[in-house]
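Novice: Sequence plus the predicted model coming up.
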Amino acid sequence: MLGPVFGREATITPRRPQHYAYRGVYLTALLVLMCTAWLIVAGTQVIRNVGDMARFGGILFQLLAPLQLTLFFFMAALVSASSVAQEKDKRTLILLLLTRMSNFELVVGKLVASLLNVLVMIAAAFPVFLLIALFGGVSFPQVFSAFIVTVIGAVAAGSIGTLVALWREKTFQTLSLTALALVLWLAAGEVLNSGLIPNYGGVVMSELAPMVSPLRAVLSSVQPRVTTDTFTVETIGFAGFAGVLILVVNLIGIWKVRVWNPSRGVRAGQQQDQEGSIWSDKPEAETGSREAVAEHARKDHVDAKLRAGGRDVPSRRVWDNPVLWRETCTRAYGRKLLVIKLGYILLSLLALAALHWTVQNTDVVAERMAGVQSIVPPTAKPLAPFLLLSLVMVNALAVTSITNERDGLALDLLLVTDISPKEFVFGKIGGVMWVTKEMILLPIAMCFYLWFIGRLTSENLVFLIVGLAVMNFFVAMLGIHCGLSYANSRNAIGVSLGTVFFLFLGVVTCIVLLVSFSGSFQGQLAPFLAFILGGGVGLYIALGYRNPSHAILSASLLLPFATFYAITSFILKQEFYVVLVTVLIYGFTTLAMLMPAIDKFDIAMGRTKTAEDE
């Protein structure tokens, strides 16, 4: 019913070992989180009765359900978007358009095929969440409601990612616009929930937030309640809203898939090849001599001289580092990059407005944040997601700068030129920093705003700027490292963005676990030990398994321990140790990925093996 695209994916997916590894790793992580939470409770509190058990089950469910939604919400969108973008980069989407497949089979089949792993992982996690209900404090209808919101939210996010990927040509544009769309969706729900919009026609706008935002919907479903209704009004309302959104988005994709693709650039190139090529079938009387046609084709080359006003005007001078020149002086990432920057600036203005409102209403925000307000500053609520989006966009550009070269069959050509590995790597890093300068400078500007109004000390301002600089360089190098290490573009993008998301979600999870279940933060290494070791092994598999090195192994094992130490130092208000550990460990990890790339380029790409590897 969904066509051959989905049929092929459903046939070959069970043959891949990764299909089972993803489920096993995710379920193991859920069980480790449950055990970690139990060890924290058992080590710091005395469980006297059934009520204490019910409180533990309720808090655990309130932690894991939003965490799962956030993970699969962004994962579904980015996986769907990168799947279609990879077809475009490899020029296989045009072949699919030439077949007899209908638009429905192409769009919906590709969407469901991309979401197959995501939906299977959600289904595998369902029994684990049912176990939480055995502690008490959570009803089975609540679990059903949370999973309905998660599944529908993931499908809606995947539909948005597929539509954007069908519309845009460049992979970076696709990933950036998808991330911006998802963040704006969540931001709309937060605006409705804040009560800033006045009530209209007897409708309380804050009550519409769970029906619009998936995050608010799942937070509403996990709240303790006395009624035994299977589905609440919020769950039904969100299911209806998201269902309409899925229908509309996919109908637009089905309608426009053969209008947007092939793109105008591809069509123009084909038309130029047909009309101006020296191999054209037209007689020379129509096209001119072959020498004239060849000269006409060379006139747009970068080394050509253009004639203007009767005089020769030299072409633009290429820098000593041609990679950096191409990244900064040409439209290497498409003509519509300005749209992404305008969207990001719009989002930054919304984040600044939310930050200003939070500063003006600190008491109200602190009351809504319940027990977290004593640990996390209220201003971090609007600022932290914005900083994460900035890091994700920098990382996305870095990894796609390599995968686009590989899929376009240009990377091997660059490797046989006289461009040195240092010129290539530092050219790519410099280009990433230049193109994403708005994503780097605007978060720093918000930090200056907090310092200007007196909410941030000068010392902490310096700490924030230094930490942001280190993290931006880290995510840029992480993207380049993954792009060089993985031959498959989808795997490279998935590992690179997945590492950034898991680091962020891991930090948030540790903070919430410490705040929710414990009043003592200094002696909690033992309960988190399995969580930390598992994170270290996962980082090494992602970063160094294909191209092992002692530096990457050391960085992978030290990074979770150092991050946990930074978290506890942050909770204990020791900001200097936070920035010190961040600079040292993330700087060391960046160097561990950078040195093989500029010193042993073939080994960094996995094309050469040492005697020890053999």
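Specialist: Yes, it's here. Numbering: from 1, shown residues only.

Novice: Leaving out chain neighbours, which residue sits closest to S458?
Specialist: Nearest in space to S458, with sequence neighbours left out and distances taken as CB to CB, 6 or more residues apart in numbering, is W451 at 6.8 Å. From N, CA and C alone the C-beta is placed, and that goes for glycine too.

Novice: quick one: contacts of whichever strand or helix holds that neighbour?
Specialist: Per DSSP states H and E, W451 falls inside helix 437-452. Identification of contacts with helix 437-452 by CB atoms under 8 Å, 6 or more residues apart in numbering yields 341, 344-345, 348, 351-352, 355, 359, 379, 383, 386-387, 390, 393-394, 433, 456-458, 461, 464-465, 468, 472.

Novice: Show the buried residues in the residues you listed.
Specialist: Buried members of the contacts of helix 437-452, scored by 16 or more other CB atoms under 10 Å, are 341, 344, 348, 351-352, 355, 359, 379, 383, 386-387, 390, 393-394, 433, 456, 461, 464-465, 468, 472.

Novice: F424 - how many residues pack around it?
Specialist: A count of nearby residues for F424, using other CB atoms under 10 Å, gives 25.

Novice: now it: how far from P322?
Specialist: Going from F424 to P322 by CB to CB, to the nearest Å gives 10 Å.

Novice: Report the mean per-residue pLDDT for the helix or strand where T235 lies.
Specialist: Using DSSP H and E, T235 maps to helix 233-260. Per-region confidence: helix 233-260 scores 92 on mean pLDDT.

Novice: Tell me which residues of that helix come out buried.
Specialist: Residues of helix 233-260 classed as buried by neighbour count (16+ other CB under 10 Å): 234-235, 237-239, 241-242, 245-246, 249-250, 253-254, 257.

Novice: Let's have the residues you listed in CSV, adding distance to I148.
Specialist: Compiled in CSV, these are given as follows (distance: CB to CB, whole Å):
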residue, distance to I148
E234, 11
T235, 6
G237, 12
F238, 9
A239, 6
F241, 13
A242, 10
L245, 15
I246, 13
V249, 19
N250, 19
G253, 24
I254, 25
V257, 29
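
Novice: so where do the helices sit in the stretch 351-500 of the chain?
Specialist: Using DSSP state H, counting those that start in this stretch, the helices found in the stretch 351-500 of the chain span residues 362-368, 380-407, 411-415, 421-435, 437-452, 458-485, 489-517.

Novice: who are the neighbours of the longest one, in terms of helices and strands?
Specialist: In this case it means helix 489-517. Counting contacts by 3 or more CB pairs under 8 Å, 6 or more residues apart in numbering; DSSP states H and E, helix 489-517 packs against helix 17-44, helix 50-89, helix 171-194, helix 380-407, helix 458-485, helix 529-543, helix 550-571.

Novice: just how off-centre is it within its chain?
Specialist: Counting by CA atoms, centre = their mean, to the nearest Å, helix 489-517 is centred 10 Å from the centre of its parent chain.

Novice: Next, the angle from that helix to helix 550-571.
Specialist: Helix 489-517 and helix 550-571 are oriented at 30 degrees to each other (axes from the mean of the first three to the mean of the last three CA atoms, to 10 degrees).

Novice: now swap in the fifth one and tell me
Specialist: Between the axis of helix 437-452 and that of helix 550-571 there is an angle of 30 degrees, by the same axes, to 10 degrees.

Novice: hang on, the earlier thing: with distance to L31 and mean pLDDT as added columns, please give the helices of the stretch 351-500 of the chain in CSV.
Specialist: Formatted as CSV, the helices of the stretch 351-500 of the chain follow (distance: least, CB to CB, whole Å; pLDDT from 0 to 100):
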stretch, distance to L31, mean pLDDT
helix 362-368, 31, 61
helix 380-407, 26, 89
helix 411-415, 41, 76
helix 421-435, 38, 90
helix 437-452, 36, 92
helix 458-485, 28, 93
helix 489-517, 14, 85
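
Novice: Make CSV from the ones you listed and add distance to F6 to it.
Specialist: Below are the helices of the stretch 351-500 of the chain laid out as CSV (distance: least, CB to CB, whole Å):
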stretch, distance to F6
helix 362-368, 43
helix 380-407, 23
helix 411-415, 31
helix 421-435, 35
helix 437-452, 35
helix 458-485, 28
helix 489-517, 17
